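**Q** sequence and predicted structure, then a few things I'm wondering about:
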Amino acid sequence: MTPLLDVRDLVVRYGAATAVDGVSFQVRAGETVGLVGPSGCGKSSTAAAVLRLRRPHAGEVRFDGLELTALSERRLRAIRPRLQPVFQDPYGSLSPRRRIRAQIAEPLRVQGRWSRPAGPERVAELLDMVGLDPALGERLPHELSGGQCQRAGIARALASAPELLVLDEPVSALDPSLRAGVLNLLLDLQDRLGLGYLFISHDMAAVRHLSDRVLTMRAGKIVT
Ligand SMILES: Nc1ncnc2c1ncn2[C@@H]1O[C@H](COP(=O)(O)OP(=O)(O)OP(=O)(O)O)[C@@H](O)[C@H]1O
């Protein structure tokens with residue numbers, strides 16, 4: 001079976017410095033692959049290349065068999081909803097001045113999946129799926145707690161109907177008491193939706209809790 005994500009010999013450079021040095025791994029549908037390693041070892045650079053936020057210097061990123069590194073922006077736009085990021089900063093991934101419900105509705109509108117009353121109902125359903133009272137959709141991001149905001153960001157990612165989530169330190173900015181709740185939510189969503197996860201963290205306990213397989217990076221290379 002074609003893996004959901006197939007990364008081959010990935011190289012990311014910043015000028016003369018090599019941040020990712022020949023990394024290869026696969027993520028299958030419904031599977032969580034953890035990526036751990038010390039600060040600066042190249043985890044976020046790997047994520048950025050997978051999401052095509054940064055073009056790699058060399059190597060391939062295949063998503064469902066399709067090579068992303070060579071795709072035009074126009075063709076990439078059709079693929080982007082299928083692989084969605086969740087970043088560390090819960091407030092940073094949402095626009096500060098728009099209500100939560102409008103931000104969750106946006107992917108539905110962009111993909112031509114918005115109508116009334118189904119659109120607003122879907123937004124309420126997505127909020128409920130991430131454990132938020134749909135009434136919180138009326139609020140602005142700064143009117144939510146960090147944990148609520150990260151859940152809203154996950155709801156927004158889910159609005160695109162993704163198959164893969166790239167989770168880059170998704171709970172590291174949260175109060176330790178809230179982390180388990182968000183990690184368990186991610187497990188629950190994976191069960192319900194069959195999502196693949198690339199889960200990046202320096203928190204070994206969190207990675208073990210979530211991952212089917214754990215890859216360790218050091219100085220740009222996968223060492224296990
Ligand atoms: N935009 C950039 N410009 C130049 N160098 C960068 C840039 N982003 C990252 N780097 C460098 O690339 C290397 C890998 O960084 P990266 O952020 O991918 O590591 P990381 O494992 O995600 O670290 P952390 O856990 O601290 O986020 C580091 O040496 C870093 O300084």
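**A** Structure received.

**Q** can you tell me the SS state at residue 171?
**A** Three-state call for residue 171 (DSSP: H, G, I helix; E, B strand; the rest coil): coil.

**Q** now the phi/psi pair for it, please.
**A** According to degrees, to the nearest 10, the main-chain angles of residue 171 amount to phi -120, psi 0.

**Q** kindly report the same for the one 10 residues further on.
**A** The phi/psi pair for residue 181 (degrees, to the nearest 10) reads phi -60, psi -40.

**Q** show me the contacts for it.
**A** If you count contacts by C-beta atoms under 8 Å, 6 or more residues apart in numbering, residue 181 has them with 131, 147. Placement of C-beta: from N, CA and C, glycine included.

**Q** distance from the chain centre to stretch 212-224, please.
**A** The gap between where stretch 212-224 is centred and where its chain is centred comes out at 19 Å by C-alpha atoms, centre = their mean, to the nearest Å.

**Q** hmm, I typed the wrong one, I wanted stretch 167-184.
**A** Centroid separation for stretch 167-184 versus its chain: 13 Å, with C-alpha atoms, centre = their mean.

**Q** now do the buried residues in that stretch.
**A** If you call a residue buried by 16 or more other C-beta atoms under 10 Å, then stretch 167-184 has these buried ones: 167-171, 173-174, 178-179, 182-183.

**Q** farthest pair within those?
**A** For the buried residues of stretch 167-184, with distances taken as C-beta to C-beta, the pair at the greatest spread is 168 and 178 (17.7 Å).

**Q** tell me, how many neighbours does the closest residue to residue 219 other than its chain neighbours end up with?
**A** Ranked by C-beta to C-beta, 6 or more residues apart in numbering and with sequence neighbours excluded, the top spatial neighbour of residue 219 is residue 41, at 6.1 Å. When neighbours are counted by other C-beta atoms under 10 Å, residue 41 registers 22.

**Q** now do the same for residue 41: helix, strand or coil?
**A** Here residue 41 is coil, with the state taken from three-state DSSP.

**Q** quick one: it and the ligand, what's the gap?
**A** Applying C-beta to the nearest ligand atom, to the nearest Å, the value for residue 41 to the ligand is 4 Å.

**Q** contacting residues around that residue?
**A** Under the criterion of C-beta under 8 Å, 6+ apart, the contact list for residue 41 reads 217-220.

**Q** now residue 86
**A** When contacts are taken as C-beta under 8 Å, 6+ apart, residue 86 is in contact with 93, 150, 153-154, 157, 165-168, 170.

**Q** do the same with residue 58
**A** By C-beta under 8 Å, 6+ apart, the contact list for residue 58 reads 9-11.

**Q** ok, how many other residues are close to residue 15?
**A** Counted by other C-beta under 10 Å, the residues lying close to residue 15 total 5.

**Q** now the phi/psi pair for it, please.
**A** As for residue 15, its main-chain torsions (degrees, to the nearest 10) stand at phi 60, psi -130.

**Q** buried subset of the contacts of residue 41, written for PyMOL?
**A** Provided next is the PyMOL selection string for whichever of these are buried by 16+ other C-beta under 10 Å:
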select buried, resi 217+220
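
**Q** thank you kindly, that will do.
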